[in-house]
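Student: coords below, sequence missing:
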């Protein structure tokens, strides 16, 4: 009897903490991470524009590749009030040296003009309470008021994509 009660309470507390960790919208702060040269950098346009952030584990950089190609081609997430960029979650990719990841990103951004930053110590995920982001593609929208209004991790479902497009419409 006691064991059942303990298991039930543990599951309940775990569920509550998971639910509250994903409770949106919630206020977030700008953080200092690194640019591709390894120099300290804040998140671009934080507090000035709405942000669409791709927080990606380099081990899983192709997760949701079809979706990111779709975004580039259909322009549904573009607008004067929205700025999109990527952040490499380097701490969760220990087999890829940080310098090599930044070098590869530099080559790619030279071609496509994208902004990519590097998070070597889970600074962003810790500061924003994102939980475990290892092996995950994390898609976020942060309003210019500094509120995290959209968050999805891992492989995006069709429902996740539809919800993303619904939310991003408000912030373009």
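Tutor: Nice, thanks for sending it over. Because the structure is predicted, anything quoted here is derived from the model rather than measured.

Student: show me where pLDDT drops low in this structure?
Tutor: 1-22 (pLDDT under 70).

Student: show me what contacts the residue nearest the centre of the chain?
Tutor: In the chain, the C-alpha nearest the mean C-alpha coordinate belongs to residue 55, at 3.3 Å (C-alpha atoms, centre = their mean). Residues in contact with residue 55 (C-beta atoms under 8 Å, 6 or more residues apart in numbering) are 86-87, 89, 119, 124-125, 130, 133, 137-140. Every C-beta, even on glycine, is put in place using the N, C-alpha and C of the backbone.

Student: Return the subset of the residues you listed lying in helices.
Tutor: Under the assignment DSSP state H, those contribute 124-125 to helices.

Student: Looking at the contacts of residue 55, which is nearest residue 111?
Tutor: Minimum distance to residue 111 across the contacts of residue 55 is 13.9 Å, recorded for residue 86 (C-beta to C-beta).

Student: Could you check how many residues crowd around residue 129?
Tutor: 14 (other C-beta atoms under 10 Å).

Student: I meant to write residue 27 there.
Tutor: By other C-beta under 10 Å, 11 other residues sit near residue 27.

Student: who does it bridge with?
Tutor: Here residue 27 sits in beta bridges with residue 147, going by DSSP bridges.

Student: correct me, but it touches residue 146?
Tutor: Yes: contact status for residue 27 versus residue 146: in contact at 5.7 Å, counting by C-beta atoms under 8 Å.

Student: related to what we said a few turns ago, of the contacts of residue 55, closest to residue 153?
Tutor: Minimum distance to residue 153 across the contacts of residue 55 is 4.9 Å, recorded for residue 138 (C-beta to C-beta).

Student: quick one: the closest residue to the closest one other than its chain neighbours from residue 89, how far?
Tutor: Once flanking residues are discounted, residue 138 sits nearest to residue 55: 3.9 Å by C-beta to C-beta, 6 or more residues apart in numbering. Residue 55 sits 6 Å away from residue 89, going by C-beta to C-beta, to the nearest Å.
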